[in-house]
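S.K.: Give me a 3D structure for the following:
(chains A and B)
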Amino acid sequence: MRRDTFQAIADPTRRDILARLSHQSLNMNSVGEDFDVSRAAIYKHLKILTECGLVTIEQRGRERYCEAKLEKLNEVSDWIDQYRKVWNQRFDNLEDYLKELQAKDKKNL
Amino acid sequence: MTQEAKKPDLVITREFNAPKELVYKMWTEAEHLAHWWGPKGFEMEIAKFDFRPGGVFHYVMRMNDVEMWGKFLYREITAPDRIVFINCFSDKEGNIARSPFMPVWPLEILNTLTLEEENGKTKLTLSGGPINATDEELQAFKDMVPNMQQGFGGTFEQLDAYLATM
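M.R.: Modelled structure (predicted):
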């Protein structure tokens, strides 16, 4: 089962939950208040959000509090950087290799 | 709208001091591909190389005890100008897998490679972006950016620029 930031934010209810938690951490039972979704469904979304690392749940006395870890969202923009870096390195390699091949060719002529 | 009809999402260009036929060969012959595809220091071994539309290139890169499997799935091939392929990490059996080092790397990336020759030099253009499930995921992100932006300041500027091109 895939669990990542992209998946976490793909669902509108999960985005609502994150938006709500971005202002304050909340008791698990009140996270889904006023949402038109069952409590079981909210728990399921929270489970996915915690598995993706976007929400942490902390026991405080008898209650469980949910807190958003929004810095995780940076990962979505980070992959663009990584993607560029990987290809640029690859093309450096290709450039070197082409030079090598062409130098060999010249020698053989 | 199909994936292919979309505007390219992220574009990287590079000019090589070599004729187009030769640059093209670097992509279409396993022996050459193995020389430059992997990061420096990694040894590349080819498990399968089937260069045709629908064909698969399955490989492993090794350094010490680190092993990274990867896969291409070729979609379109127009020699010697254009190759469209999906690239992903995989396991030994060739199933799509997460990147071992980058947990949020999109599972599958659709790449379009184009080559243009001018005065003996070849301009390579690679455009790519996540496909399949991640397409919808990016849409979700697009919806979300304005709401979340307050808290993150400038970190989304780059992403905005990226999404604007989609």
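S.K.: name the element the spatially closest residue to residue B:18 that is not a sequence neighbour belongs to?
M.R.: The shortest distance from residue B:18 to any non-neighbouring residue, by Cβ to Cβ, 6 or more residues apart in numbering or on different chains, is to residue A:98 (4.7 Å). Using the backbone N, CA and C atoms, a C-beta is placed for each residue, glycine as well. Here residue A:98 sits within helix A:74-108, counting by DSSP states H and E.
S.K.: From the contact counts, what lies against that helix?
M.R.: For helix A:74-108, the packing partners by 3 or more Cβ pairs under 8 Å, 6 or more residues apart in numbering or on different chains; DSSP states H and E come out as helix A:5-8, strand B:10-16, helix B:20-28, helix B:30-36, strand B:121-130, helix B:157-164.
S.K.: can we see that at 10 Å?
M.R.: Where contact means 3 or more Cβ pairs under 10 Å, 6 or more residues apart in numbering or on different chains; DSSP states H and E, helix A:74-108 is packed against helix A:5-8, strand B:10-16, helix B:20-28, helix B:30-36, strand B:108-118, strand B:121-130, helix B:133-152, helix B:157-164.
S.K.: Chain A - how does it break down into domains?
M.R.: Per automatic domain parsing, the domain ranges recorded for chain A read A:5-71, A:75-108.
S.K.: Reformat those as CSV; add mean neighbour count.
M.R.: Shown next, in CSV, are the domains of chain A (neighbours: other Cβ atoms under 10 Å in any protein chain shown):
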stretch, mean neighbour count
domain A:5-71, 16
domain A:75-108, 15
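S.K.: and of the ones you listed, who's closest to residue B:49?
M.R.: domain A:75-108 (17.3 Å; Cβ to Cβ).
S.K.: what mean pLDDT does the closest one have?
M.R.: The pLDDT scores in domain A:75-108 average 84.
S.K.: tell me the pLDDT at the most centrally placed residue in chain A?
M.R.: In chain A, the residue lying closest to the centroid (Cα atoms, centre = their mean) is residue A:5, at 2.2 Å. On the pLDDT scale, residue A:5 is placed at 76.
S.K.: Please tell me I have it right and it contacts residue A:52.
M.R.: Yes: look at residue A:5 against residue A:52 with Cβ atoms under 10 Å: they come within range, at 5.9 Å.
S.K.: helices and strands of chain B: which one has the lowest mean pLDDT?
M.R.: helix B:157-164 (a mean of 42; mean pLDDT, DSSP states H and E).
S.K.: wait, the residue nearest to residue B:18 sits on residue B:32?
M.R.: Yes: the pair residue A:98 / residue B:32 is scored as a contact, 9.5 Å apart, by Cβ under 10 Å.
S.K.: shared neighbours of these two, anything?
M.R.: Counting by Cβ atoms under 10 Å, 6 or more residues apart in numbering or on different chains, the residues touching both residue A:98 and residue B:32 are B:22, B:25-26.
S.K.: who does the residue lying closest to residue B:30 once chain neighbours are set aside bridge with?
M.R.: Spatial nearest neighbour of residue B:30, chain neighbours left out: residue B:49 (4.0 Å); criterion: Cβ to Cβ, 6+ apart. Listed by DSSP bridges, the beta-bridge partners for residue B:49 are residue B:57.
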